[in-house]
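dropping the sequence and predicted coords here.
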Amino acid sequence: MLDSVYNSKIIEYAGNIEKVGELEGAHATAKVHSKLCGSTVEVSIKMEGNVITDFAHKVKACALGQAASSIMARVVVGSTSQEMRELRDTVYKMLKEEGAPPVGKFEEFRFLEPVREYKPRHASTLLTFDAVVNCIDEIEAQRHAAQ
């Protein structure tokens, strides 16, 4: 049964994670941890206006968390804060409410759709989405406070 979840695409993504490490001069950093499985993802981003201009992450997660973070590293730069919030919501719905997978520039996340059937794997898969949105929220809060 887990073969559909840990398919060759997931293994490929998990084994080829880009933008690993720390981001010098990051505008925000967020660390998200799953108590259920022990996975952790730490994300750092830079933004200009509402566009993410740089990204780095540290991933200590199962293959699913690694794959989700790997895909995120490929698509996040150049994305807007609104796109990232919508992506997080779409992936949550895909896994938890049988919603449709993301499309367009985020369509690679469709490979995570089989995770839907394995609720204990949702937490690690969703960490990267929460971390990115947490960073965006932090940056926007800093900007609001500076006004």
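All right, it came through fine. Residues are numbered from 1 along each chain as shown.

which parts of stretch 98-108 are buried?
For stretch 98-108, the buried set under the neighbour-count rule, 16 or more other C-beta atoms under 10 Å, comprises 101, 102, 106, 108. The C-beta positions use only the backbone N, C-alpha and C, and glycine is treated the same way.

where in the chain is the helix or strand with the lowest mean pLDDT?
The weakest-scoring helix or strand in the chain, judged by mean pLDDT, DSSP states H and E, is helix 8-14 (a mean of 91).

how far off centre is whichever helix or strand comes after that one?
Where DSSP states H and E defines the elements, the next helix or strand beyond helix 8-14 is strand 28-33. Put simply, strand 28-33 sits 11 Å off its chain's centre (C-alpha atoms, centre = their mean, to the nearest Å).

for strand 28-33, name the packing helices and strands.
Using 3 or more C-beta pairs under 8 Å, 6 or more residues apart in numbering; DSSP states H and E, the elements in contact with strand 28-33 are strand 40-48, helix 122-146.

tell me which strands the first one pairs with, and in which orientation.
For strand 40-48, sheet partners with direction are given as strand 28-33 (antiparallel), strand 51-60 (antiparallel), following DSSP bridges.

buried residues in it?
So strand 40-48, judged by 16+ other C-beta under 10 Å, has buried residues 40, 41, 42, 43, 44, 45, 46, 47.

of the residues you listed, closest to residue 114?
Nearest to residue 114 out of the buried residues of strand 40-48 is residue 41 (C-beta to C-beta; 20.2 Å).

is that closest one in contact with residue 66, as I believe?
No - with contact defined as C-beta atoms under 8 Å, residue 41 does not reach residue 66; the gap is 9.1 Å.

which stretches of this protein aren't confidently modelled?
1-3 (pLDDT under 70).

and the residue nearest the centre of the protein?
Compute the mean C-alpha point of the chain, and by C-alpha atoms, centre = their mean the closest residue is residue 128, 2.8 Å away.
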